[in-house]
Structures are given as structure tokens and as C-alpha cells.
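In: give me a model of this one.
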Amino acid sequence: MLSQKTRYAIRAMQHLADRHGDGPVQLAEIAAAQNIPTKFLTTILSELSRYGLVSSKRGKVGGYWLAIPPVDITYGDLIRLMRGSLALVPCASRFAHEKCSHCLAEGECRTRALMLEVRDRTAEILDSIRLSDAIDLVPAFDNDDVPDRPAAAKLRLGEE
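Out: You can find the predicted model right below:
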């Protein structure tokens, strides 16, 4: 799962991408439009600024804007910057690889092989979508719309 910080960063960057070329966007506008606590947003935008993705100007006419065009920022890049990796387990990370301390040898671990495949397919998708790309909205799930859980999940949750 993405951390709350990463989700807020994505939403803030989407907001700035929507306003790209309009000049500085005030922190309060981003916070209100994206439902992000102002203090947390300040920290996130500061971090994104250190990475070179966001620029800022202080003062009454100041605010934040994308330092580079939204077409040059992929969701994969953004998530890697905020999260460190797209992998679900450290041994499947391409850029932040760590061996698991309580596992099989990497060459013998089927879980690692599976997680590498998940990571690579996730990267393929996230690296192909840019902040400038339109993303179609999907209606909210209704309880009747949520697919049935797999049998193993039902057993674990005591539903059967």
C-alpha cells in the first residue's frame, strides 16, 4: 500500500500539473482542493522541492509550481521518490534492493520471483503514465459492486 504521504504527494502534484503555466499556486488552495493537512503539505512540497520537482516563491503572490513540465514526470518516478521503491518486498526492488534476512536464497525463492514480476508489471504501468496524462475517473464502489473475496481470504476472515 502507498503511504498517506505518497498519496498526498501524488494529489498535490496532480493539482500543480492541472495548474501548470498559471503561475504560483498557494498552499491553502492545494490543501483545500486536495483535502491535505496544511502542515503535512508544507513538508511534502518542501521534499518535492529538494528533489527538483517543485519550485516555490514566498510572499503574498507566492506559492508553488512544477519545476519541470508535467509531461516529464511519471507516476513511477514520483512514487519511487516518495516511497523509495515500487517493490512490495525489499528483495524485489530494482533500485533499493536488500536481501531478506529470514528467507530462502534469492535464487530459490518463488515468492521473490513472483514479487519481481509484480514489481516489473507495476513499473511498466506507472512509468508509462505521466502527470500530463488524463486519467479517467472510476465510480465509487458500492457494497454490491465489490467483487467476492477469494476463498482463502474468506476463510482467513471467518466469512465461511
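
In: tell me the secondary structure for A12?
Out: At A12, secondary structure determined by DSSP: H, G, I helix; E, B strand; the rest coil is helix.

In: report the contact partners of the closest residue to it other than its chain neighbours.
Out: What sits nearest to A12 in space, not counting adjacent residues and going by C-beta to C-beta, 6 or more residues apart in numbering, is I30, at 5.5 Å. Glycine gets a C-beta too; all of them are placed from N, C-alpha and C. When contacts are counted by C-beta atoms under 8 Å, 6 or more residues apart in numbering, I30 touches 12, 15-16, 36, 41, 45, 64.

In: do the same with C103
Out: C103 makes contact with 91, 109, 111-112, according to C-beta under 8 Å, 6+ apart.

In: and of the residues you listed, the nearest to L2?
Out: Using C-beta to C-beta, C91 comes nearest to L2 of the contacts of C103, at 19.8 Å.

In: surely the closest one forms part of a strand?
Out: No. Counting by three-state DSSP, C91 is not part of a strand but helix.

In: does it touch H102 like I think?
Out: No. Counting by C-beta atoms under 8 Å, C91 does not reach H102; the two are 11.2 Å apart.

In: comparing the two, which shows the higher neighbour count?
Out: A direct count of neighbours by other C-beta atoms under 10 Å for C91 and H102 places C91 higher, at 18 against 4.

In: relative to F141, how far out is that one?
Out: In this view, C91 and F141 are 33 Å apart by C-beta to C-beta, to the nearest Å.

In: tell me the one of the contacts of I30 nearest R83?
Out: Closest to R83, out of all of the contacts of I30 and judged by C-beta to C-beta, is A12, at 15.1 Å.
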